[in-house]
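Enquirer: sequence? don't have it. structure:
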């Protein structure tokens, strides 16, 4: 048997470790950029400025942009009373304000939560999911999304998206600096200085080329860990892991899982990948979600 509280704690620790590696990656790129311009302070300062700009933009506008891109429409209690009652009940159980309810008119079985904090959160479900899930299964799905809100997972993923933006900008700037020969005339001509410069150039080029790829892999790894944690947290809210396990089983068997207005920027938010399933080692490495069979197995062992 898997202890759901141990699962939550383990996945939290793993997520913070991955964010730490993200920060180390950005620090390394900032140092390399500082070497290019013979000023480490400049490199770090640029990274901080980029991070602040991206954070402000995504923090205050990210959720409304996501809802608009996804084609989500606000709904009233009169339109979907069962959805509203489920959200209200689980919000009370989670100890968070009741999120706003949105619906996407799409036959795929899916759902997601968004919002910078519990006070500005919303839960969105597809009409396909509402039509196919029974009461326990819908509760399992909403509990999963409520856990994302309670655990500040959306803010965590917003942070990693910001970090990806910083990494991409620094990578592009580094590559342009090397191509323009910005380090020309800045190499140390003292004994051994030339060799050190060559080493830094090689490291800088490697970071500039590989950092966006590494950053994306870290972001996706964090996303997969947060999904496991939301499954465990959701099961602790309903005290009925089978509800979510059964819902995931239906989602896995969905013949048309493609959410029409989903895109790569919003895919990590959904309870399951909103794209058609692909197989293979590379697909698993770049997946936004852990294998759905593994999630079902973990839930049924709780």
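Expert: Alright, I've got the coordinates. Because the structure is a prediction, the values reported are computed rather than measured.
Enquirer: all contacts plus neighbour counts: C-alpha atoms, from now on.
Expert: Noted.
Enquirer: Quick check: closest non-adjacent residue to residue 128.
Expert: Distances taken as CA to CA, 6 or more residues apart in numbering place residue 107 nearest to residue 128, at 4.1 Å, with adjacent residues excluded.
Enquirer: Surely the one you found is within a strand?
Expert: No - residue state for residue 107 (DSSP: H, G, I helix; E, B strand; the rest coil) corresponds to coil; a strand is not indicated.
Enquirer: gap between it and residue 125?
Expert: 11 Å (CA to CA, to the nearest Å).
Enquirer: Could you do residue 212 as well?
Expert: 32 Å.
Enquirer: So if I had to pick from those two, which one is more boxed in?
Expert: Counted by other CA atoms under 10 Å, residue 212 and residue 125 do not tie: residue 125 has more neighbours, with 28 against 22.
Enquirer: That one - that's part of a strand, no?
Expert: Yes - assessed with three-state DSSP, residue 125 lies in a strand.
Enquirer: From residue 167, how far out is the closest residue to it other than its chain neighbours?
Expert: Setting aside the residues directly before and after it, residue 125 is nearest to residue 111 in space (CA to CA, 6+ apart), at 4.2 Å. Separation of residue 111 from residue 167 (CA to CA): 29 Å.
Enquirer: Compare the two and say which is more crowded by neighbours.
Expert: Taking neighbours as other CA under 10 Å, residue 111 and residue 167 compare with residue 167 leading, 30 against 25.
Enquirer: what's the pLDDT at the more buried one?
Expert: Listed pLDDT for residue 167 reads 72.
Enquirer: May I ask you to confirm that it is in contact with residue 210?
Expert: No - with contacts counted by CA atoms under 8 Å, residue 167 stays clear of residue 210, the gap being 10.1 Å.
Enquirer: mean confidence for the one helix or strand residue 21 maps to?
Expert: Residue 21 is located in helix 4-36, with elements delineated by DSSP states H and E. Averaging pLDDT along helix 4-36 yields 66.
Enquirer: so what does the helix or strand containing residue 112 touch, helix or strand wise?
Expert: Taking DSSP H and E as the definition, residue 112 sits inside strand 111-114. Secondary-structure packing of strand 111-114 (3 or more CA pairs under 8 Å, 6 or more residues apart in numbering; DSSP states H and E): strand 122-126, helix 135-150.
Enquirer: Sheet-wise, list the partners of the shortest one with their directions.
Expert: In the sheet containing strand 122-126, the strands it pairs with under DSSP bridges are strand 100-104 (parallel), strand 111-114 (antiparallel).
Enquirer: Quickly compare those strands and say which is most buried.
Expert: Of the strands paired with strand 122-126, the one with the most neighbours on average (mean count of other CA atoms under 10 Å) is strand 111-114, at a mean of 26.
Enquirer: pLDDT on that one, on average?
Expert: If you average the pLDDT over strand 111-114, you get 93.
Enquirer: and the residue nearest to residue 125, what is it in contact with?
Expert: Contact analysis of residue 111 by CA atoms under 8 Å, 6 or more residues apart in numbering lists 123-126, 129, 141, 145, 270-272.
Enquirer: If you rank the residues you listed by neighbours, which is first?
Expert: Counting neighbours by other CA under 10 Å, the top entry in the contacts of residue 111 is residue 145, with 31 neighbours.
Enquirer: From what I see, that one and residue 118 are in contact.
Expert: No - applying CA under 8 Å as the test, residue 145 and residue 118 come out as separate, 11.5 Å apart.
Enquirer: The nearest residue to residue 74 once chain neighbours are set aside: what's it in contact with?
Expert: Closest residue to residue 74 apart from its sequence neighbours, by CA to CA, 6+ apart: residue 102 at 4.3 Å. For residue 102, the contact set (CA under 8 Å, 6+ apart) comprises 72-75, 122-125.
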